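[1] Here is my input; please provide its structure:
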Amino acid sequence: MNLGDFLGQNLSDFWSYTGFANATPEHFIMLAFGLLFIWLAIKHDFEPLLLVPIGFGILVGNIPFKIDAGAEIGIYEEGSVLNILYDGVSAGWYPPLIFLGIGAMTDFSALIANPKLMLIGAAAQFGIFGAYMVALALGFAPDQAGAIAIIGGADGPTAIFLSSKLAPNLMGAIAVSAYSYMALVPVIQPPIMRLLTTKNERLIKMKPARAVSQNEKIMFPIIGLLLTCFVVPSALPLLGMLFFGNLLRESGVTTRLAKTASNALNDIIVMLLGLTVGASTQASEFLTQDTIFIFFLGFIAFIIASMSGVLFVKLFNLFLPKSKKINPLIGNAGVSAVPMSARISNNMGLKYDPSNYLLMHAMGPNVAGVIGSAVAAGALLAFLG
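    Predicted coordinates:
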């Protein structure tokens, strides 16, 4: 073989390994999705801590390459770096670590001071079970339907944890759908809140919550763990870490551990989780009819959950004296998108009355929603796992 043929053969081989030679229209569709997520995060400040890692992960996961034994490039190739990092998603150990961070950074005082707000968080879980029934009607198997339905809780880590156990093949679509709707909370919820409430209801002022003692704060994670996990032991990985993180925060003697869990550790896990979830959306795995159904069902679940919280408050107010009525604008916070939903409740309240601050009241159902979605996931795992 002469030099020209040798160089030509090498160039041909090199070309066959490039992304240009292996690209398909589906790859470019997914790359556009990744760029859209990054644009929404940077341009419109839609949950950048979630959408930037996920969007960039979509780009990473959809760089076309030639499948070659031993190359160990893709996230689904055993032994690759991405595959090793993805093990935290597929094996379900990233979500409990995120729950540890959530517990360490969450003040449950609003819920402790007004325990009836827990009912709002519970009511919002109707979105999960409503979506479960619709998913069954669309032909999904019960375990797949359960994994998809948890999107209604607006809790990305819980959705990943449950789908890793019940429907690993759908986990990429479920995770991206859950985080997408979490990021779109400021767009989706306000119209629902306006539609379901009257002007007078939006102007309801709630009394300031009572002061919560340090002893109550310390006892809450212990009692909360025992009550919830005795009912649904299968939720222990999530709720155990959530309440453990909260005990680190409130005990007063483990400040260093609480700061590590809520800051450095949580940030590392969020980065790895977002990147690997995004990378798992390879075009061949993601662009399917099931993905379209999952996004549709996730949207339905989130709508039902938001409506259920608001409508439950309106119903509850029928039995409360005038002085103790609850502003229905905090009903949307029953989903566990913390603290986004609570901020929306507060912003809506201030819009109609600049002196009506609802943030601390809304944090009650908001943190209750975190617990509620984990309990719902545990119940689904117990019945379907």
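[2] all helices for the stretch 51-200 of the chain, in order.
    81-90, 94-105, 109-113, 118-123, 126-137, 142-149, 156-166, 171-183, 185-196, 199-202 (DSSP state H, counting those that start in this stretch).
[3] Quick check: residue 126 vs residue 86, distance?
    Note on residue 126: its distance to residue 86, by C-beta to C-beta, to the nearest Å, is 33 Å. The C-beta positions use only the backbone N, C-alpha and C, and glycine is treated the same way.
[4] re earlier: between the helices of the stretch 51-200 of the chain, which one is closest to residue 249.
    Counting by C-beta to C-beta, residue 249 lies closest to helix 94-105 out of the helices of the stretch 51-200 of the chain; the figure is 5.0 Å.
[5] picking that back up, okay, residue 126 and residue 86: which has more neighbours?
    Per other C-beta atoms under 10 Å, whichever of residue 126 and residue 86 has more neighbours is residue 86, with 25 against 20.
[6] Residue 88 - nearest residue in space that isn't next to it in sequence?
    Distances taken as C-beta to C-beta, 6 or more residues apart in numbering put residue 94 closest to residue 88, at 4.0 Å, once the chain neighbours are dropped.
[7] and that neighbour, what does it touch?
    88, 157, 160, 269, 272, 273 (C-beta atoms under 8 Å, 6 or more residues apart in numbering).
[8] Go through these and name the one nearest residue 35.
    residue 273 (20.4 Å).
[9] ok, the spatially closest residue to that closest one that is not a sequence neighbour to residue 53 distance?
    Once flanking residues are discounted, residue 273 sits nearest to residue 94: 4.6 Å by C-beta to C-beta, 6+ apart. For residue 94, the distance to residue 53 (C-beta to C-beta) stands at 12 Å.
[10] what is in contact with the two at once?
    Residues touching both residue 94 and residue 53 (C-beta under 8 Å, 6+ apart): residue 273.
[11] what's the spacing between the nearest residue to residue 261 once chain neighbours are set aside and residue 241?
    Leaving out its chain neighbours, the residue that sits closest to residue 261 by C-beta to C-beta, 6+ apart is residue 104, at 3.9 Å. To residue 241, residue 104 is 10 Å away according to C-beta to C-beta.
[12] Comparing these two, which shows the higher neighbour count?
    A side-by-side neighbour count of residue 104 and residue 241, using other C-beta under 10 Å, places residue 104 first with 26 against 23.
[13] shouldn't the more buried one be in contact with residue 255?
    No. Using C-beta atoms under 8 Å as the test, residue 104 is too far from residue 255 to be in contact (10.2 Å).
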